[in-house]
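> Got a predicted model here, sequence first, then my questions.
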Amino acid sequence: MKAAVIKKFGLPSVFEITDLFIPKPKANQLLVRVYATSINPIDWKQRKGNHRFILGAPFPITLGYDVCAEVVEVGSQIKMFKPGDVVFGVLDNKYGGALAEYALGTESCFALAPRNIRFEHAAAFPMVSLTALQALRDKAKLKHGMRVLINGASGGVGHIAVQMARLMNAKVIAVSSSRNQTFVESLQPDQFIDYNKQDILKTTDKIDVFFDVSGIYSFVKCKHMLNPGGIYINTLPRPKILFHKILQLFTKGKKVKTLLMKHSSDDLRIIGQWITEGKLKVELDEIFNLNNISAAHHYAEGGHSKGKNVVIIN
Ligand SMILES: NC(=O)c1ccc[n+]([C@@H]2O[C@H](COP(=O)([O-])OP(=O)(O)OC[C@H]3O[C@@H](n4cnc5c(N)ncnc54)[C@H](OP(=O)(O)O)[C@@H]3O)[C@@H](O)[C@H]2O)c1
């Protein structure tokens with residue numbers, strides 16, 4: 001099968017297109033034929049070797065987690081899927097493996113893909129949608145009328161989080177650059193802030209949740225903006241987490257939480273339902289194919305995407 005692999009960590013130019021054997025699924029795995037994947041920041045961080053001390057360097061490495069794919073073969077323990085099903089989800093192998101014509105994943109990675117959208121859209125949803133849902137529902141416990149600020153509202157996680165927060169009937173303040181203002185306003189937040197024109201830390205109206213998708217602030221900098229019991233959530237574990245935990249003892253119940261996305265078929269089904277009902281949409285910025293994967297990584301790594309960047313595989 002055709003795959004884009006890296007044989008060393010480095011710049012986007014390290015990718016090589018090569019032929020690999022089609023992998024065999026274990027009893028608890030599905031083999032899928034990948035239609036498309038999308039790029040998440042974890043992909044280019046792993047390409048650079050940021051996670052090498054945790055995940056090792058088992059070259060050649062096939063990166064990529066998001067997929068929309070067709071089930072080709074199922075292991076003996078698989079109950080929920082059969083060959084021919086079209087699924088979407090996030091692969092659970094060490095480095096993913098979606099930048100290849102075939103990939104493996106366990107049952108909890110997938111749900112049936114919504115039928116009302118194209119496969120490149122289905123491939124763009126999984127990781128950012130699981131992240132936004134688990135942050136807002138599980139960490140923030142977002143409810144009707146709560147005020148949530150989403151910093152990084154134009155990116156992959158952010159633009160989905162704005163829509164989900166509205167579905168949860170929260171009051172949404174969306175923050176991005178003016179470049180993406182029209183796009184973010186089309187998601188209908190209650191308020192838009194251009195971070196180049198306004199220092200959001202000087203916002204006077206208090207909020208219940210600060211979802212720092214861009215990860216450029218910290219609990220220390222934002223805690224004055226939170227109502228008592230308010231929550232600051234980021235997606236990048238900080239070395240200072242213990243310091244923050246101690247600090248929150250003295251901040252009127254204000255809390256700092258870190259979200260690490262969990263694989264969940266159930267959550268993918270909730271996301272799929274919203275998509276089917278037309279309540280959740282994904283914005284595609286650029287569409288690439290496997291042969292220009294280096295350009296795709298270069299573009300995504302710029303950090304100013306409008307929504308998601310997709311790579312068509314099959
Ligand atoms: N822990 C987890 O499980 C998990 C899961 C998914 C993602 N993440 C992390 O979440 C982060 C965001 O992911 P993503 O997919 O949304 O990335 P992305 O698509 O690259 O979006 C990043 C967004 O950040 C915005 N931004 C850049 N500088 C900013 C600033 N100074 N102030 C406010 N916003 C700024 C950009 O908007 P403008 O162009 O408008 O500036 C851009 O749209 C990444 O660090 C990723 O690794 C973690």
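The structure has been received and is ready for your questions.
> Can you name the residues that contact Leu167?
When contacts are counted by Cβ atoms under 8 Å, 6 or more residues apart in numbering, Leu167 touches Trp274, Lys279, Leu280. Heads up, the C-betas are built off the backbone N, CA and C, glycines and all.
> Show the model's pLDDT score for the residue nearest to the spatial centre of the chain.
With distances taken as Cα atoms, centre = their mean, Val128 lies nearest the centre of the chain, 2.4 Å away. In this model, Val128 is scored at 98, pLDDT.
> does any part of the lowest-mean-pLDDT helix or strand in the chain sit near the ligand?
Across the helices and strands of the chain, mean pLDDT, DSSP states H and E gives its lowest value to helix 241-247, namely a mean of 72. No: Helix 241-247 does not reach the ligand (Cβ under 6 Å from any ligand atom); its nearest approach is 13.0 Å.
> which outside residues touch the following helix or strand past that helix?
On the C-terminal side of helix 241-247, the nearest following helix or strand under DSSP states H and E is strand 255-258. Here strand 255-258 makes contact (Cβ under 8 Å, 6+ apart) with 139-140, 219, 229-238, 241, 244-245, 247-248.
> same question, stretch 228-241
In contact with stretch 228-241 (Cβ under 8 Å, 6+ apart) are residues 131, 135, 139-140, 157, 206-213, 215, 217-219, 222-223, 226, 244, 252-260.
> quick one on the thing from earlier: against the ligand, which of the contacts of Leu167 make the cut? List them.
Applying Cβ under 6 Å from any ligand atom to these, none is adjacent to the ligand.
> Between those, identify the one with the most neighbours.
Within the contacts of Leu167, most neighbours by other Cβ atoms under 10 Å means Leu280, with 22 neighbours.
> Would you check how far apart the nearest residue to that residue once chain neighbours are set aside and Lys262 are?
Distance criterion Cβ to Cβ, 6 or more residues apart in numbering; nearest residue to Leu280, sequence neighbours excluded, is Trp274 at 4.0 Å. Applying Cβ to Cβ, to the nearest Å, the value for Trp274 to Lys262 is 18 Å.
> List, one by one, the residues from this structure near the ligand.
40-42, 127-128, 131, 151-152, 154-158, 175-177, 179-180, 195, 213-216, 235-236, 259-261, 303-305.
> among those, which are in strands?
Residues of the residues of the chain next to the ligand located in strands (DSSP state E): Asn151, Val175, Ser176.
> burial count for Leu201?
Neighbour number of Leu201 under other Cβ under 10 Å is 10.
> which one is it nearest to, not counting chain neighbours?
Lys221 (6.1 Å).
> got any ranges where the protein has weak pLDDT?
238-241 (pLDDT under 70).
> of all of it, which residue lies closest to the ligand?
Minimum separation of the chain from the ligand (Cβ to the nearest ligand atom) falls at Gly155, amounting to 2.0 Å.
> dump the residue contacts of that residue.
By Cβ under 8 Å, 6+ apart, the residues touching Gly155 are Ser176, Val213, Ser214, Gly303, Ser305, Gly307.
> now do 6 Å
Shown in contact with Gly155 (Cβ atoms under 6 Å, 6 or more residues apart in numbering): Ser305.
> Which of the contacts of stretch 228-241 are buried? Put it as a PyMOL command.
If you want just the buried ones from the contacts of stretch 228-241 in PyMOL, going by 16 or more other Cβ atoms under 10 Å, the selection is:
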select buried, resi 131+135+139+140+157+207+208+209+210+211+212+213+217+218+219+222+223+226+244+254+255+256+257+259
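> Could you tell me which of the contacts of stretch 228-241 belong to helices?
Of the contacts of stretch 228-241, the ones assigned to helices by DSSP state H are Thr131, Val157, Phe219, Cys222, His244.
> now these in TSV, with distance to Gly84?
Putting the ones in helices among the contacts of stretch 228-241 into TSV (distance: Cβ to Cβ, whole Å) gives the following:
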residue	distance to Gly84
Thr131	29
Val157	32
Phe219	48
Cys222	48
His244	48
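> picking that back up, now list the buried members of the residues of the chain next to the ligand.
40-42, 127-128, 131, 151-152, 154-158, 175-176, 180, 195, 213-214, 235, 259, 261, 305.
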